[in-house]
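Colleague: sequence unavailable; structure follows:
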Ligand code: CMC
């Protein structure tokens, strides 16, 4: 196979090197294009652009494959747990028993946040969206943990990584408690990561909180399924923010801000709101018609994916988890659930959705599951952020350690006014 591609346009030409991954498409390295031809490439949604080299996560959207460090998401979700997945994403290998024990110990011992953070929270309005609180509070960690913001020190980077994985659930639970007007609940070191999160969210000081193992397992699985997803919008945001040398807490706060949008992490909240808006099964055809209407901006939330054009492998596992939770809680005739199941059925059999390869994505089922677990819709994206923190931080570390790393600085196709002369105000039309 030729190892380079030739670019020719009139008298401009460039020899562009091909680069091979271990699996997946090869890439044409266009770094020399501008130097040799004076041309930029144009790819606004990055549909044909690999922004970096990475060893963490691999997705084959046509085949519905998602691998973390080579392990399939199905096996990790069925046989592993979230902290094991965190270790894998961060260090590249599954931990041995002693490595896992040490990692769990380190994460667990970092779950408390500086006590002054609780006063920071009270500055927010009670009706603030918990994602707004998360953007602020995670960013504020850099004001509390100065001893882990030197990105040139590998030890400090690892301390910041552990802190972030350990503290985002605490901050998320605090955002929830503040939102509902209940006292903050401190983390408990005898619980697993998922159990502790449910405890911090749902325990109250006046009575014991009993953790349901099926629900804790579902929570852990939701965390695993959302842990990383290669160069998605929020991860690319974290990498871009980090490329300037910004500290990791600030970079993760930038990732959370990006995740908030309804086309990305906000889709689980948007999906549930949409089910509520549809309300009853008989109104589904009306919404399906709207989704197909080119003149209507409405989209079926929780359907479609930029990369998965076959099915979303996370959605399959999430669907199963969703049913486990509903069975455990004895939820059978929830109207939203009825709408969801009917919508899923119609969309999977409708020509428009089949032709455009629009399948239910992970957020379609995670929204229903999180509602059943007792979370209000405003918390859904927050839970996504808790889970994705490890992916962001693993990708951030990889970027910092990459010798090729430079500040990310895309160029543009300028279509504004060409150069013109300044006119005095009385000469302007
Ligand atoms: N409902 C109806 N039509 C849709 C939908 C949808 N949910 N998604 C895409 N389409 C249509 C779209 O109108 C377009 O039609 P046409 O070719 O006639 O112009 C075609 O399908 C391709 O859509 P696109 O916007 O070019 O695709 P994209 O890759 O830019 O967008 C997406 C991907 C996920 C933003 C989009 O499918 C969408 O908005 N889905 C709803 C939001 C959602 O569920 N997002 C969560 C993604 S999974 C969680 C995560 O990883 O963040």
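Modeller: Cool, the structure landed. Here the structure is a predicted model, which is why all the values come from computation and not from measurement. Numbering: from 1, shown residues only.
Colleague: can you tell me the SS state at the nearest residue to residue 285 once chain neighbours are set aside?
Modeller: Nearest non-adjacent residue to residue 285, counting by Cβ to Cβ, 6 or more residues apart in numbering: residue 346, 7.9 Å away. Heads up, the C-betas are built off the backbone N, CA and C, glycines and all. Assigned with DSSP: H, G, I helix; E, B strand; the rest coil, residue 346 falls in the helix class.
Colleague: distance of residue 346 from the ligand?
Modeller: Distance, residue 346 to the ligand, using Cβ to the nearest ligand atom, to the nearest Å: 12 Å.
Colleague: verify the stated contact: that residue with residue 289.
Modeller: No. With contact defined as Cβ atoms under 8 Å, residue 346 does not count as touching residue 289 (11.1 Å).
Colleague: the two: who's more crowded?
Modeller: More neighbours surround residue 346 than the other of residue 346 and residue 289, with 16 against 12 (other Cβ atoms under 10 Å).
Colleague: now do the same for the more buried one: its pLDDT.
Modeller: pLDDT, residue 346: 87.
Colleague: which ones are touching it?
Modeller: By Cβ atoms under 8 Å, 6 or more residues apart in numbering, the contact set of residue 346 is 284-285, 288.
Colleague: read off the pLDDT value for residue 182.
Modeller: On the pLDDT scale, residue 182 is placed at 96.
Colleague: ditto for the one 3 residues further on
Modeller: The predicted local confidence for residue 185 comes out at a pLDDT of 97.
Colleague: near it, how many other residues are there?
Modeller: Residue 185, neighbours per other Cβ under 10 Å, totals 20.
Colleague: for the remainder of this discussion, apply numbering that starts at 295.
Modeller: Noted, 295 is the first residue going forward, which turns the last one into residue 479.
Colleague: residue contacts, it?
Modeller: 467, 471, 493-495, 497-499.
Colleague: buried subset of those residues as a PyMOL selection?
Modeller: This is the PyMOL syntax for the buried subset of these, where burial follows 16 or more other Cβ atoms under 10 Å:
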select buried, resi 467+471+493+494+495+497
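Colleague: in helices, which of the contacts of residue 479 fall?
Modeller: Counting by DSSP state H, the part of the contacts of residue 479 found in helices is 467, 471, 493-495.
Colleague: could you export these as TSV, including pLDDT and distance to residue 696?
Modeller: Shown next, in TSV, are these (pLDDT from 0 to 100; distance: Cβ to Cβ, whole Å):
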residue	pLDDT	distance to residue 696
467	98	34
471	97	39
493	98	38
494	98	35
495	98	37
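Colleague: identify the farthest-apart pair in these.
Modeller: 471 and 493 (11.7 Å; Cβ to Cβ).
Colleague: buried residues in stretch 349-366?
Modeller: 350-355, 358-363, 365.
Colleague: oh, I was asking about stretch 682-699
Modeller: 682-694.
Colleague: before we move on, back to that, format the buried residues of stretch 349-366 as JSON lines; extra columns: secondary structure, pLDDT and distance to residue 716.
Modeller: Putting these into JSON lines (DSSP: H, G, I helix; E, B strand; the rest coil; pLDDT from 0 to 100; distance: Cβ to Cβ, whole Å) gives the following:
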{"residue": "350", "secondary structure": "coil", "pLDDT": "98", "distance to residue 716": "50"}
{"residue": "351", "secondary structure": "strand", "pLDDT": "98", "distance to residue 716": "51"}
{"residue": "352", "secondary structure": "strand", "pLDDT": "98", "distance to residue 716": "53"}
{"residue": "353", "secondary structure": "strand", "pLDDT": "96", "distance to residue 716": "50"}
{"residue": "354", "secondary structure": "strand", "pLDDT": "95", "distance to residue 716": "54"}
{"residue": "355", "secondary structure": "coil", "pLDDT": "91", "distance to residue 716": "50"}
{"residue": "358", "secondary structure": "coil", "pLDDT": "91", "distance to residue 716": "57"}
{"residue": "359", "secondary structure": "strand", "pLDDT": "95", "distance to residue 716": "57"}
{"residue": "360", "secondary structure": "strand", "pLDDT": "97", "distance to residue 716": "55"}
{"residue": "361", "secondary structure": "strand", "pLDDT": "98", "distance to residue 716": "57"}
{"residue": "362", "secondary structure": "strand", "pLDDT": "98", "distance to residue 716": "56"}
{"residue": "363", "secondary structure": "coil", "pLDDT": "98", "distance to residue 716": "57"}
{"residue": "365", "secondary structure": "strand", "pLDDT": "98", "distance to residue 716": "61"}
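Colleague: nearest to residue 636 among those?
Modeller: residue 358 (23.5 Å).
Colleague: surely that closest one and residue 604 touch.
Modeller: Yes. Residue 358 is in contact with residue 604 according to Cβ under 8 Å; the separation is 4.3 Å.
Colleague: ok so, going back, let's have the contacts of residue 640 in TSV, adding secondary structure.
Modeller: TSV is the format used below for the contacts of residue 640 (three-state DSSP):
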residue	secondary structure
578	helix
579	helix
582	helix
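Colleague: could you say which helix or strand holds residue 454?
Modeller: helix 448-474 (DSSP states H and E).
Colleague: distance of the residue nearest to residue 495 when sequence neighbours are not counted from residue 542?
Modeller: Once flanking residues are discounted, residue 495 sits nearest to residue 467: 4.8 Å by Cβ to Cβ, 6+ apart. Residue 467 sits 21 Å away from residue 542, going by Cβ to Cβ, to the nearest Å.
Colleague: what do you get for residue 388?
Modeller: Taking Cβ to Cβ, one finds residue 388 at 24 Å from residue 542.
Colleague: which parts of the stretch 445-594 of the chain sit against the ligand?
Modeller: Counting by Cβ under 6 Å from any ligand atom, the stretch 445-594 of the chain comes close to the ligand at 523, 526, 557-559, 561, 585, 593-594.
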